[in-house]
Every structure is written in structure tokens, then in C-alpha cells.
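Trainee: next comes the sequence, and after it the predicted model I'd like to discuss.
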Amino acid sequence: MEPVSCQVGKEQSAAAAPPIISSAVVQLTGASKIYGTFAALRNVTTSIAAGSCTVILGENGAGKSTLLRLIAGLITPTRGTVATFSSTPQEQRRRIAYMSHAPMLYDELSAMENLAYFAGLHRDEGCNCVGSPEMALRAVGLDPKLTRPVGQYSQGMRQRTSLARVLQTDPELLLLDEPFSNLDVESGAHMVELLADFRTWPVAGGGSRTILLTTHQARLADPIVDLTITMRAGQIIHTEAGPRR
Ligand SMILES: Nc1ncnc2c1ncn2[C@@H]1O[C@H](COP(=O)(O)OP(=O)(O)OP(=O)(O)O)[C@@H](O)[C@H]1O
């Protein structure tokens, strides 16, 4: 079966098969994820272009996190295929970073200690692409010398530490599940500025940075969004260029 894509600028219907994006870094073809008898994701076919920023919207339980976790290679499709960089997500995991909506930080450690710990895990998994924790913390506006445990940080600082944790792996494909949750408008806007900056980072050997994020606060991401995907009941029901109108 030919892989098909969501076409920028046009609404996607289940019947119409939009053209393939040749520079796609993500390609799902007829992907479903079934838990028991329940379909969390149903026959999803879509592409994500290299260098783009895509926001995935939808009500609770729509399948947003399931879609992101499939692309991250944390779960595998029950049916259909998921390709990242024309390969399986598992084979390309060095190029992919996934930030869960849970903070995934050790409260009793400082930001530097947290980043150093996770960098060590990353190396143990055979990844040599870990950048400098100091640089990652500076990139998100945090002082690497802060010795305070992250358990004492504000929510905004914790989110920025979580972002630094994934940015230190120098990902080409950044997957963010609810990066603005629990942030006020100002901290959310700051997070968007950081993501805009991340997109400008050069990639060794060429290439570009691609971002996919889920959120319930669509407007926050507006400044950086190239494509908006709306999901319902495990399916993509709408795709449009730019922020949601
Ligand atoms: N491991 C699992 N086992 C069983 N059901 C699951 C599992 N993971 C997800 N689901 C179900 O799949 C559906 C989609 O879940 P998912 O987390 O992808 O939704 P979501 O759009 O991210 O929702 P939210 O906005 O609340 O985070 C939900 O009904 C959820 O209960």
C-alpha cells in the first residue's frame, strides 16, 4: 500500500489520499493501536514534513499521546506501519526525543544532576549523541550552577528542566506531550520561544529540526505552528496549515 500524507493547507478526509511528502520524517500508514477490544488509534495515515512544527489537538482520550508514543517507538502498532526517517522508530531512536507529560525528574536532585543522570542512561543505551547538560540548561534559561533540588523549582522551571533533559540528546525529531500543562500564559509563551530557538539549531551533517506536540492550549503554540492536526476517537478528523483558525 502506498504511504499517504496529510496535505498542508487542505482538510483531510478518510476517502481522499493526499500526496506523499517527499521530505517526510514521519510516515504512518494505516496505523492502529488496539488495547484488548478498544482501538486507541484507528487506521491513521499521515506524514510529517522535515523541519515542520505540528500541533496535535483533540479532547481527552482522542489518541494524541498514543500517536506520539507510536512515533517515539515506545509502543508498536497493532496494525499498519510507523516509519521515522524511513526506518523504524526503534532503529532511529538516537535522532528522536520524547518528553512525556509527566515531569520524569528526580525531585531531590539538582537540574544538572538530573541531566547528567539521564545523559548517562542515554549513553548506556548506546547513544553517543549526548550534548552538554550545561549547554542544554543554558539554552532553556537555567543556571547550570543552581544547586537547589528541582523539587523546589516552580512549575515553569521544572518544565524547562524537562525540556533541557531531552534537548541535551540533540534530537532531530522532538516529540512533546503536553509541554504547556500546568504553565501560566507567560511561562507557556517562554516555552514556545525556546522551541522556536531549538528549530534554528544547526544539525550536524545538514537536515532540520522537526517538532510534534500535543496540547489542550492550542493558542500558545500559534507562533511556531506550521500544521494543525485534530483527532477524535483515535482518528485524524482534520488537518490544516498553520494554527487552528
Ligand atoms: N495502555 C493502555 N491500555 C488501555 N487503554 C489505553 C492505553 N493507553 C491509552 N489507552 C486508551 O486509549 C485512548 C486514547 O488515549 P490517549 O492517551 O492517546 O489520549 P489523549 O488524546 O492523549 O488524551 P489526553 O488529552 O487525556 O491525554 C484513551 O481512551 C485511553 O484510555
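Mentor: Here it is on my side, so go on.

Trainee: please list all residues in contact with Ser23.
Mentor: Applying CB atoms under 8 Å, 6 or more residues apart in numbering to Ser23 gives the contacts Ala49, Ala50, Gly51. C-beta: built from backbone N, CA, C; applies to glycine.

Trainee: the second one: neighbouring residues, count only.
Mentor: Around Ala50 there are 18 other residues, counting by other CB atoms under 10 Å.

Trainee: ok, it to Gln92 distance?
Mentor: 13 Å (CB to CB, to the nearest Å).

Trainee: do the same with the first one
Mentor: Separation of Ala49 from Gln92 (CB to CB): 16 Å.

Trainee: chain neighbours aside, what residue packs nearest to His101?
Mentor: Glu178 (3.8 Å; CB to CB, 6 or more residues apart in numbering).

Trainee: near the ligand, which residues of this structure?
Mentor: Tyr35, Phe38, Ala40, Gly58, Asn60, Gly61, Ala62, Gly63, Lys64, Ser65, Thr66 (CB under 6 Å from any ligand atom).

Trainee: could you rerun that using 8 Å?
Mentor: 33, 35-36, 38, 40-41, 58-69, 75, 101, 177-178, 214, 216, 231, 234 (CB under 8 Å from any ligand atom).

Trainee: just these: which are in strands?
Mentor: In this view, these that belong to strands under DSSP state E are Lys33, Tyr35, Phe38, Ala40, Leu41, Gly58, Asp177, Thr214, Met231.
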